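Peer 1: Fold the following, please.
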Amino acid sequence: MKKLYTIWMIIIFVITFFMLFPFYYVFLQNKKWHRLAHNLTKIWAWVIMKCGLISIEAVFEAKIEPKKKYIYTPNHFSYFDIPLISYLTPGFYKFIGKKSLGEIPVFGYMFRNLYITVNRESKTNAYKTLIRAVDTLNQGIGLVVYPEGGILSPGPELAPFKDGPFRMAVESNTEIIPVTIPFNWIFLPDNTWLINRRKLKIIYHRPLKPEGNAQSEVERLKKECFKIISERLKKELESENR
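Peer 2: Purely as a prediction, here's the structure:
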């Protein structure tokens, strides 16, 4: 049954993307249309969730204003984090993802032209990505940045956070919304493509506001964000195991 469900989800994932790709291609020809291209990603995620009959509990600790820019910082244990975030997070924002996502045939064309890719092995590229990200925020467009720097832990323990998203927040005076995704690592583990169908959950925490532009503020935001997400992960998993 698990294999059949996984095959079904892959079919939905691929077919929906290829149906939307001609529209992606058109909208990516002009930066003014990138918001429309991002809406296609939301449609894609919506179809995946509905056709997969996936039940999701979304918790918002504070109201998110769709027209306001934020930096969302979710934990990252599963490739399914991207569609879940796309499905539920309001507004226009750009994902920052590893360079290899932009190298995938067809999908990579969309990702590298609509979102932001980074080669974390190159300090020069990482710096250029920081500059581009801050410029994006200054244009009023939000970001989704995985503070662990990728899937570095199979879950449920967080990998150490990197400075990147918190430096972006400080340099652009943008609020950070920590996001806890407690069960995606069970639904779609990083070490397999077999899906364990179950109810998912996502928690959007209260925004953290930068209070200065010093390195110490980067460290404060990083530590506070890590604490919020790690404590909520522990709470959710304890509740799950009762």
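Peer 1: quick one: the nearest residue to residue 69 once chain neighbours are set aside from residue 188, how far?
Peer 2: Once flanking residues are discounted, residue 69 sits nearest to residue 142: 4.3 Å by Cβ to Cβ, 6 or more residues apart in numbering. From N, CA and C alone the C-beta is placed, and that goes for glycine too. Distance, residue 142 to residue 188, by Cβ to Cβ, to the nearest Å: 25 Å.
Peer 1: now residue 67
Peer 2: 32 Å.
Peer 1: what about residue 16, helix or strand, and which?
Peer 2: Per DSSP states H and E: residue 16 is located in helix 2-27.
Peer 1: cool, residue 97 as well?
Peer 2: Counting by DSSP H and E, residue 97 is part of strand 93-98.
Peer 1: what's downstream of that strand, the next helix or strand?
Peer 2: Downstream of strand 93-98, the first helix or strand assigned by DSSP H and E is helix 107-114.
Peer 1: Can you name the next helix or strand after that next one?
Peer 2: Next along the chain from helix 107-114, counting by DSSP H and E, comes strand 116-118.
Peer 1: ok, and what's touching that following strand?
Peer 2: 94-99, 101-102, 111, 125-126, 129, 132-133, 136, 143 (Cβ atoms under 8 Å, 6 or more residues apart in numbering).
Peer 1: C-terminal to that strand, what's the next element?
Peer 2: Once the chain leaves strand 116-118, the next helix or strand it forms, by DSSP H and E, is helix 123-138.
Peer 1: Which elements pack onto whatever helix or strand comes next after that next one?
Peer 2: Using DSSP H and E, the helix or strand that directly follows helix 123-138 along the chain is strand 142-145. Applying 3 or more Cβ pairs under 8 Å, 6 or more residues apart in numbering; DSSP states H and E, one finds that strand 142-145 contacts strand 71-74, strand 93-98, helix 123-138, helix 164-172.
Peer 1: Which among the ones you listed is found nearest to residue 148?
Peer 2: Comparison of these against residue 148 by Cβ to Cβ identifies strand 71-74 as nearest, at 9.3 Å.
Peer 1: Off-centre distance for that closest one?
Peer 2: 7 Å (Cα atoms, centre = their mean, to the nearest Å).
Peer 1: Flag every buried residue along the following helix or strand past it.
Peer 2: Next helix or strand after strand 71-74 toward the C-terminus (DSSP H and E): helix 81-88. For helix 81-88, a neighbour-count test (16 or more other Cβ atoms under 10 Å) marks 81, 82, 83, 84, 85, 86, 87, 88 as buried.
Peer 1: ok, back up a step: so of the helices and strands packed on strand 142-145, which one's packed in deepest?
Peer 2: Mean neighbour counts were compared across the helices and strands packed on strand 142-145 using mean count of other Cβ atoms under 10 Å; the top stretch is strand 71-74, at a mean of 26.
Peer 1: That one pairs with which strands, parallel or anti?
Peer 2: strand 142-145 (parallel), strand 176-180 (parallel) (DSSP bridges).
Peer 1: Residues contacting the strand holding residue 97, please?
Peer 2: 38, 69-70, 72, 82, 85, 111, 114-120, 129, 133, 136, 141-146, 150, 164.
Peer 1: same deal with stretch 123-140?
Peer 2: Outside stretch 123-140, the residues within contact range by Cβ under 8 Å, 6+ apart are 69, 71, 94, 96, 99, 116-120, 143, 145, 164, 167-168, 171-172, 174.
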